[in-house]
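>>> Need coordinates for the following:
(one chain, ligands or ions: 1)
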Amino acid sequence: MATAVSIKTRSGAPATVSPDAIDALRARLRGPLCLPGEPGYEQARTIWNAMIDRHPAAIIRAAGAADVIAGVRFAREHGLVLAVRGGGHNIAGNAVCEGGLMIDLTPMKSVRVDPSARTARVEPGVTLGEFDRETQAFALATPVGINSTTGIAGLTLGGGFGWLSRKYGLTIDNLLSADVVTAAGELVHASEKDNPDLFWAVRGGGGNFGVVTSFEYKLHAVGPQVLAGLIVHPFAKAKELLDGYRRFVAQAPDELTVWVVMRKAPPLPFLPAEVHGKEIFVLAACWCGDIEKGKKAIAPLEALGKPIANVIGPNPLAGWQTAFDPLLTPGSRNYWKSQNFTSIGDGLIDVLVESAGRLPSPECEIFLGHLAGAVNRVPAQATAYPHRNIEFIMNVHTRWSDKSQDKACIAWARELFDKTATHATGGVYVNFMPEDETQRVAKGAYGPNYDRLAKLKAKYDRDNLFRHNQNIDPAS
Ligand SMILES: Cc1cc2nc3c(=O)[nH]c(=O)nc-3n(C[C@H](O)[C@H](O)[C@H](O)COP(=O)(O)OP(=O)(O)OC[C@H]3O[C@@H](n4cnc5c(N)ncnc54)[C@H](O)[C@@H]3O)c2cc1C
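As a prediction, the model looks like this:
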């Protein structure tokens, strides 16, 4: 027998849900309903970014679409704040709400690969590493992100990019269909053929349009080996190297992706001890085609400057996709700022190098991802994700462990963000936005696609049940 649960409503007013209603919800579910103090509650509410420490009134650990439908209907009927968790990695922390109902999708772990059709059906609790392990068993892959513990659900719904994107596009460019539980609590199928407007909206529109209970992806023949690794340089040469980098990637074929990371050296075994803890300039590269052709393509990059270390070589794709995991473990405090660039000009190089020379903690980094290629051959209005003209995306990845450093670390990130603004497009990848950037959603994250998204939001979620996200206001 449950006790009454105090719960936050969408109007902001506190309310009480009766023990009978809680019992009835529990009885309808296949997965557990966890109240504070019950087994599973702490695990479900704890997310990647330790800055976020919220306590939902109740958490449904969904076992399948039926549990999601029950949760959505319960939230709607009782007027509750509703949060949806995939892999729990989002920097803004919207996966977990204070006082409302949370639907935790992490128990939904199925990945079914069809090797002959080259497709995969994936449930929303799957992480990128789990997805890679299943698909790479058949030397198949689709572009996802660079940290294997990230959830495939949130990543896909925002766009999704990584080492394979220049060749095969964003994750959403490889999405064939999705099953979506709408605000009405109904399961609908979205694809180019079925509910095409909803299918358009979920390809970049985040969690605004419903809860996705199944994703279907197109797969490509990639791996199991790729040519990948790091070239580490002394930071003193950062300006010349950024100049060499921008020239090199301007000519790079789509198979090749090179990102820049500027940070303090972690104690990696291939780096000399005297470098540990000092600023370094890193070129991280991945070639996803024929290995011998890749060696020729990467050679001019390897010839830039005088590296401290070069560990580029054939590696299993699934292993390379975990290469950054040790630097991105959950439990640290994190704050991000992100900009999109169409080019890297001299002024931008000056700002980046100056800021990277005074990182406020040993875990902070500035990374520059190279996109373009197949990503930019999709028209800006073909999917909700609109940034099809950018070449580079910067993430100021501020990370530290002690609360007393919050102010200094956040101030450093904001200052760098402000100084890079004149070089940037003003657009932003929705999945890199921290919780204090709600003012960037309309123009920054969605720009030319915002009005259509707002109309579709009104069609699929007029009452804005799905508002605990980078929120799109329903058009009036
Ligand atoms: C260390 C790290 C590295 C990253 N690297 C990359 C990268 O290389 N490329 C890249 O593109 N992104 C990258 N990201 C960003 C990543 O795409 C986002 O953080 C993404 O939101 C993570 O998804 P999630 O399911 O883990 O997050 P969650 O926090 O669980 O979900 C984020 C939001 O998505 C919505 N949501 C989640 N699941 C569902 C669902 N099934 N149905 C409806 N709504 C849902 C909810 O609104 C939720 O608040 C990285 C993030 C981290 C922390």
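>>> So which bits of stretch 27-37 are buried?
In terms of neighbour count (16 or more other CB atoms under 10 Å), stretch 27-37 has its buried residues at 28-29, 31-35. (C-beta placed from N, C-alpha, C; glycine too.)
>>> mean confidence score for it?
Average pLDDT, stretch 27-37: 97.
>>> Is there a neighbour count for the closest residue to the ligand within the stretch 201-350 of the chain? I'd like the number.
Residue of the stretch 201-350 of the chain nearest the ligand, by CB to the nearest ligand atom: Gly207 (2.8 Å). A count of nearby residues for Gly207, using other CB atoms under 10 Å, gives 26.
>>> I'd guess it is in a helix, am I close?
Yes. Under DSSP: H, G, I helix; E, B strand; the rest coil, Gly207 falls within a helix.
>>> separation between the closest residue to it other than its chain neighbours and Asn431?
Closest residue to Gly207 apart from its sequence neighbours, by CB to CB, 6 or more residues apart in numbering: Asn469 at 4.3 Å. Distance, Asn469 to Asn431, using CB to CB, to the nearest Å: 11 Å.
>>> More neighbours: which of the two?
Legend: neighbour count by other CB under 10 Å for Asn469 and Asn431, higher for Asn431 (27 against 22).
>>> coming back round to it: which residues are common contacts for Asn469 and Asn431?
By the contact definition CB atoms under 8 Å, 6 or more residues apart in numbering, Asn469 and Asn431 are jointly contacted by Gly206.
>>> contacting residues around the residue nearest to Gly207?
84, 94, 206-208.
>>> how about a cut-off of 10 Å?
83-84, 90, 92, 94-95, 154, 157-158, 205-209, 430, 441 (CB atoms under 10 Å, 6 or more residues apart in numbering).
>>> for Ala238, same thing?
Here Ala238 is in contact with 245, 260, 262, 279-281, 305, 349, 352-354, 356-357 (criterion: CB under 10 Å, 6+ apart).
>>> where's the nearest residue to Asn49 once chain neighbours are set aside, which helix or strand?
Nearest residue to Asn49, sequence neighbours excluded (CB to CB, 6+ apart): Asn334, at 4.7 Å. Per DSSP states H and E: Asn334 is located in strand 333-341.
>>> how much space between the nearest residue to Gly373 once chain neighbours are set aside and the ligand?
Spatially, and ignoring its direct neighbours in sequence, Gly373 is nearest to Arg166 (3.1 Å; CB to CB, 6+ apart). Distance of Arg166 to the ligand, given as CB to the nearest ligand atom, to the nearest Å: 13 Å.
>>> SS state for the residue most central in space within the chain?
Centroid check for the chain by CA atoms, centre = their mean gives Leu155 as the closest residue, at 3.9 Å. What three-state DSSP gives for Leu155 is helix.
>>> show me the contacts for it.
Neighbouring residues of Leu155 by CB under 10 Å, 6+ apart: 86-87, 89-90, 127-128, 131, 144-145, 147, 161-162, 170-172, 431.
>>> same thing with Phe215?
Per CB under 10 Å, 6+ apart, neighbours of Phe215: 111, 120-124, 126, 131, 152-153, 156-157, 171-172, 174-179, 202.
>>> Restrict the residues you listed to the buried ones and give me that as a ChimeraX selection.
For the buried members of those, the matching ChimeraX selection, counting by 16+ other CB under 10 Å, is:
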select :111,120,121,122,123,124,126,131,152,153,156,157,171,172,174,175,177,178,179,202
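>>> For Pro266, give me phi and psi.
phi -70, psi 160 (degrees, to the nearest 10).
>>> so how far is Pro14 from it?
In terms of CB to CB, Pro266 sits 46 Å off from Pro14.
>>> same check, this time on Ala44
The gap separating Ala44 from Pro14 is 22 Å, by CB to CB.
>>> how about stretch 152-161, does it get close to the ligand?
Yes. Using CB under 6 Å from any ligand atom, we find that stretch 152-161 touches the ligand at 153-155, 157-158, 160-161.
>>> so can I have CSV of the contacts of Ala238 showing secondary structure and neighbour count?
Formatted as CSV, the contacts of Ala238 follow (DSSP: H, G, I helix; E, B strand; the rest coil; neighbours: other CB atoms under 10 Å):
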residue, secondary structure, neighbour count
Tyr245, helix, 22
Val260, strand, 25
Met262, strand, 23
Glu279, strand, 18
Ile280, strand, 25
Phe281, strand, 26
Gly305, coil, 16
Ile349, helix, 19
Leu352, helix, 24
Val353, helix, 19
Glu354, helix, 13
Ala356, helix, 23
Gly357, coil, 12
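>>> Can you lay out those as CSV showing distance to the ligand?
CSV is the format used below for the contacts of Ala238 (distance: CB to the nearest ligand atom, whole Å):
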residue, distance to the ligand
Tyr245, 18
Val260, 14
Met262, 17
Glu279, 21
Ile280, 19
Phe281, 20
Gly305, 26
Ile349, 23
Leu352, 19
Val353, 23
Glu354, 25
Ala356, 19
Gly357, 24
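>>> of these, closest to Lys193?
Nearest to Lys193, judged by CB to CB, of the contacts of Ala238 is Val260 at 41.0 Å.
>>> and that closest one, what does it touch?
238, 241-242, 245-246, 249, 281-284, 344, 352, 356, 365-370, 392, 394.
>>> In strands only, show me these.
281-284, 365-370, 392, 394 (DSSP state E).
>>> Out of the residues you listed, which comes closest to Val68?
After measuring the ones in strands among the contacts of Val260 against Val68 - CB to CB - the closest member comes out as Gly369, at 32.2 Å.
>>> Around the ligand, pick out the residues from the stretch 201-350 of the chain.
Looking at the ligand, the residues of the stretch 201-350 of the chain close enough under CB under 6 Å from any ligand atom are 206-207, 211-212, 328.
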